[in-house]
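> next input, structure requested:
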Amino acid sequence: MAGSSNDSSPDPAIWLCPQVHASIATPPDWLINTEIHTAARLSGARRQEYLSSRWLIRQAISGASGRPPDSCRPVSGRPVATQSPPGWTLSLSHSHGLCACATSRGGALGLDIEPARRHPQWQKVVKRWFTSGEQSWLLESDDPTHFLMVWTLKEAWLKATGRGIAGNLKTLEVSSDFRLRGDQPETDWYASCCRADGFLVTLVFRAEHPDTAPVIHRFPGPPADLGLASGKPVKENAEPLLFRRIHPCHPLKE
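Numbering: from 1, shown residues only. Coordinates of the predicted model:
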């Protein structure tokens, strides 16, 4: 379970940074081998996004653990946990030039971010993938922000529970008053959603009696050389939209 981490940051926490825009010809020397190989296969904006997210991961681990960022690194492969220092869970998300990383002292978590104004043809998504109850109230309310909140909640839930989208979007059901019911039996699942910097930022996590929603920190952005020593985060002025428990309901029924 997640608990209080240390004096560096509340637990869990969310860390944001904009994507670096400079062309980076030589990867930074702090990348691990799998990251070097991945970066070598990418180009242009996709490469910049990838390297920015790896910079942010190290800054987030540092901010959460109190360790210097040059001694922080994720596990090889998908960055879902820390290798150094050990014991931290990670979740990464990036969209339209913004990178985000969530940290927790060992508790499961899933993070999703989406531009607050991104909602093309959202009704088709609702009709095809959501539960009948969700379809009813979302199509009646005709509010794209409601749709985006539900979508990010489902995405974050699936990341936190270690599943993909295919066949699993109905494992979390959201009612019209935003009560949340999930297919996991534990009673310590929580969800937080806020609006920050023009994005919806949604985190699903496990914790014992969290007092407040996760704190969001923002870095001004990676430097052009992706140096790790320059990260100085500030607390983001976020607009809270939702913070509540996900109640177990297994199995979910239509």
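> alpha carbons only for contacts and neighbour counts from here, please
Noted.
> chain center to stretch 37-52: distance?
20 Å (C-alpha atoms, centre = their mean, to the nearest Å).
> end-to-end on it?
16 Å (C-alpha to C-alpha, to the nearest Å).
> show me what that stretch is in contact with.
18-24, 27, 94, 97, 99, 222, 226 (C-alpha atoms under 8 Å, 6 or more residues apart in numbering).
> one more time with 6 Å
Outside of stretch 37-52, the residues within contact range by C-alpha atoms under 6 Å, 6 or more residues apart in numbering are Q19, V20.
> distance between stretch 167-187 and the chain's centre?
18 Å.
> cool, stretch 97-108 as well?
A distance of 5 Å separates the centroid of the chain from that of stretch 97-108, by C-alpha atoms, centre = their mean.
> alpha carbons of that stretch, as CSV, please.
What follows is stretch 97-108 as a C-alpha-only set of coordinates in CSV (Å, rounded to 0.1, in the frame of the first residue of the first chain):
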residue,chain,number,x,y,z
GLY,A,97,3.5,18.4,-25.8
LEU,A,98,3.0,17.7,-22.1
CYS,A,99,4.6,14.9,-20.2
ALA,A,100,3.4,13.6,-16.8
CYS,A,101,4.7,11.1,-14.3
ALA,A,102,3.1,9.9,-11.1
THR,A,103,5.0,8.5,-8.2
SER,A,104,3.9,6.3,-5.3
ARG,A,105,5.8,4.5,-2.5
GLY,A,106,4.9,1.1,-3.7
GLY,A,107,1.2,1.4,-4.3
ALA,A,108,-0.5,0.6,-7.6
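> and it, what's buried?
G97, L98, C99, A100, C101, A102, T103, S104, R105, G106, G107, A108 (16 or more other C-alpha atoms under 10 Å).
> what's the lowest-pLDDT member of these?
Least confident of the buried residues of stretch 97-108 in the model: G106, at 82.
> that residue and P85, how far apart?
Shown here: G106 relative to P85, a distance of 12 Å by C-alpha to C-alpha.
> ditto for L228
L228 sits 16 Å away from P85, going by C-alpha to C-alpha.
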